[in-house]
Each structure stands twice: as C-alpha cells, then as structure tokens.
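coordinates only, sequence not included:
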C-alpha cells in the first residue's frame, strides 16, 4: 500500500534529517578535525610506563637428586613445596633390585652436570618439583654470560616426569630449584634494547596472572641485537617448570609533566620545547626527558640538574603552553641568531 506524504511534510522530514546529520558532525567529527589543527599543547602532570614484548629463557640453579640404591619410595612432600637442605622428601624401602636407572637420555644430557647429586634427602634448599627437561646444565647461571642466541636455539628442551614408585640406583627422582636467585635472558632488536639500561628496575609479566620484580643485570651487544639478562629473587609458582617463555617487560612508572614527543626538538644539541609567552611569542626552553614510550614523554618540572654543566637548569612548569611541530620556529630562531652573530662580527 503506497502512502502519499504531502510535499510540505516531506520538506520538514528532510530538514529534520539534515539537522540530525549536522548535529552529528558537530558532536562527533568536529572535535577530531580540530585536534588535527591544534598547534599547541598545555603541559599537565602525568605518568609514562615503557612496555616491551619479549621471548626468552629462565636461567636458574637446579639440583637433581638421584637414588643412592634401588628402592621402593613414597613421596611425603608435594610438588611446589618449599624445602630446606637435608629434609626428607620420600619414605624409602630398599630392595635388592639391580636394574638400570630410568631416564637414560636425561642422564646422558646431564652426564657432567655438578647439580646431579646422589642422596635421599634434599641436597639444597628451594622449591621441590618432580620434573626435569635436560637443559639444567646448558641453562645454568654459570653459563649465561657466554650463552649466544644461536646456541640457545639448539638446546633440546623436553620435560619429563621423575615421579616413580620404584627407583634404581642412580635414577633421578626429584629436583630442587633455587628461588632466591634466578634470571631471564632474552635478545631484543636494537630499537627496543636501547630503551633499557643496566641496573634498571623493571617488572616482568611472566603470565596472565604473574608479575615479578626484576633488575637488569647486564646488557651486551650481540650482532644486531641486545642481549639482556634480568635478575630476580621473587618467588612465583611456575618457576620450577618454566624454561622458555613469552613475557612483557614493564619499566617502573615515571611521573612528571606529560608531553607529546612531537613537541620536543633539539637546539644546539640540547632537547627542548618552544613555550608560548603572554604576548603569543615562542621562546626555547630546555627539557629533561625522564621516560618515553615513543609517543609521549614524562619530563622534569620547574628545574633539573645538568651533570655536564654541573648546574641547575630551569625548565617548563605545569600548564605551560608549548608548540607542536616546532621545526619552523627553530629555523626562524637559528636564522635570527645567525644574523645577530653577523652583525656582531661587522662591528
């Protein structure tokens, strides 16, 4: 059924639709467009945290207990238990069996490993686990400084359960992981590695639910990458069984004045910004970048110490208005300085 709408009403409907579209443009589109043409930024307090995705390996001190003789055993400690040295882990019922020990392939990989100890009681304090992966020697702290990316990729890692009801002489049957001192090693691209420094405190997001405090122990160049070793003494539940992992590096949050990086420019090899004065003119002010995430930076407020000049530098303050994309203003300034210098020379 066709509905005939009078021309006058149709005009009102069309006008109403146009008004709605205009209102949408004002509310949604105009703010975005005006942001594009915004020439200044007002400085306000804020924070920046640098994050970086990485893949690496957990380096830890691990001691594997092997059976002194053939026996039936019953575990009296649970996986993940914290144990002290010389604690009892199993109830032992010796027998006269003389069969060859299980996990021969694992024992072959660890043939020269100092951490393979024949004992019934715990050989060290740490976290108890019933798994080994054969990389305990290759990824030990004593070898981590010399470890290369090519070498670590070739290390076979295959986890095996050591938990048994019966063990033969020399058979591995549990492992102790030192949770007081462990490391993570990774290799980052040069562009990412340059954002970190030795001694820096960071947080490592090891899994969705686990974040640990760590310190950057060392940074070394290896071909086109940076090799970074993190140290931690913080316990986390998955430590004994974690070997390879994807994780997130988070630098500590830095507070100060928040600024877009496009506002910062170098003048005479000194980073700074152009601040707008009451007359609407711009003048150069040095800044001290505390931290940056590549898009925004946190800079010092009011003043900072310049170790090279051994002096205090007065800088920007909260609510200062600074110029975005200050390249043209810099060129103008440099030309003005050049003319002033020429005039001085003539005099």
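All right, it came through fine. A quick note: this is a predicted structure, and the numbers were derived from the prediction, not measured.

what secondary structure does residue 283 sit in?
For residue 283, the assignment made with DSSP: H, G, I helix; E, B strand; the rest coil gives strand.

Next up, the contacts around it.
The neighbours of residue 283, taking Cβ atoms under 8 Å, 6 or more residues apart in numbering as the test, are 274, 275, 277. Backbone N, C-alpha and C define where each C-beta goes, glycine included.

For the helix or strand hosting the first one, which helices and strands make contact with it?
Meaning residue 274. Per DSSP states H and E, residue 274 falls inside strand 270-276. When contacts are defined as 3 or more Cβ pairs under 8 Å, 6 or more residues apart in numbering; DSSP states H and E, strand 270-276 packs onto strand 265-267, strand 282-286, strand 321-323.

Compute the mean per-residue pLDDT across the last one, please.
Averaged across strand 321-323, pLDDT comes to 96.

go on, the first one?
Mean per-residue pLDDT for strand 265-267: 96.

Just the buried residues of it, please?
Of the residues in strand 265-267, 265, 267 count as buried by neighbour count, 16 or more other Cβ atoms under 10 Å.

Likewise for the longest one?
Applying a neighbour-count criterion of 16+ other Cβ under 10 Å, the buried positions in strand 282-286 are 282, 284, 285, 286.

Helix or strand next in line after it, which one?
Once strand 282-286 ends, the next helix or strand along the chain (criterion: DSSP H and E) is strand 289-292.

gap between that next one and the chain center?
From the chain centre to the centre of strand 289-292 is a distance of 16 Å (Cα atoms, centre = their mean, to the nearest Å).

Parallel or antiparallel, list what pairs with that strand.
strand 296-299 (antiparallel) (DSSP bridges).

quick one: contacts of the strand it pairs with?
By Cβ under 8 Å, 6+ apart, strand 296-299 touches 46-48, 254-261, 264, 287-292, 315-316.

rerun at 7 Å
46-48, 254-261, 264, 287-291, 316 (Cβ atoms under 7 Å, 6 or more residues apart in numbering).

What are the buried residues along the helix or strand following it?
Downstream of strand 296-299, the first helix or strand assigned by DSSP H and E is strand 303-306. Across strand 303-306, burial judged by 16+ other Cβ under 10 Å covers residue 304.

Dump the contacts of residue 283 to JSON lines, plus pLDDT.
Compiled in JSON lines, those are given as follows (pLDDT from 0 to 100):
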{"residue": "274", "pLDDT": "97"}
{"residue": "275", "pLDDT": "97"}
{"residue": "277", "pLDDT": "93"}
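
Most neighbours among those, please name it.
Taking other Cβ atoms under 10 Å as the neighbour criterion, residue 274 ranks highest of the contacts of residue 283 with 24 neighbours.

Would you mark the buried spots in the helix or strand where residue 107 lies?
Assigned by DSSP H and E, residue 107 belongs to helix 104-109. Within helix 104-109, the residues that qualify as buried are 106, 107, 109, counting by 16+ other Cβ under 10 Å.

And for stretch 314-326?
Result for stretch 314-326 [16+ other Cβ under 10 Å]: buried residues 315, 316, 320, 321, 322, 323, 326.

which residue sits closest to the fourth one, ignoring its sequence neighbours?
Take residue 321 and drop its neighbours on the chain: the residue closest to it by Cβ to Cβ, 6 or more residues apart in numbering is residue 276, 4.3 Å away.

quick one: the one you found from residue 283, how far?
9 Å (Cβ to Cβ, to the nearest Å).

now swap in residue 273 and tell me
As judged by Cβ to Cβ, residue 273 and residue 283 stand 10 Å apart.

about what we covered before: now tell me what touches the helix holding residue 107 from outside.
The list of residues contacting helix 104-109 from outside it, by Cβ under 7 Å, 6+ apart, reads 101, 132, 134, 160, 172.

How about stretch 158-169?
67-73, 75, 97, 99-103, 106, 130-134, 172-175.

Would you mind listing which of the residues you listed are buried?
67, 69-71, 73, 75, 101-103, 106, 130, 132-134, 172-175.

Just the ones in strands from these, please.
71, 73, 75, 132, 172, 173, 174, 175 (DSSP state E).

now these in CSV, with distance to residue 204 and pLDDT?
Listed next are these as CSV, based on distance: Cβ to Cβ, whole Å; pLDDT from 0 to 100:
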residue, distance to residue 204, pLDDT
71, 41, 94
73, 36, 95
75, 31, 96
132, 24, 96
172, 29, 96
173, 31, 96
174, 27, 97
175, 23, 97
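
report the longest helix in the chain, please.
The residue-count maximum for a helix in the chain (DSSP state H) belongs to helix 327-346.

pLDDT (mean, whole number) over it?
Helix 327-346 comes out at a mean pLDDT of 88.
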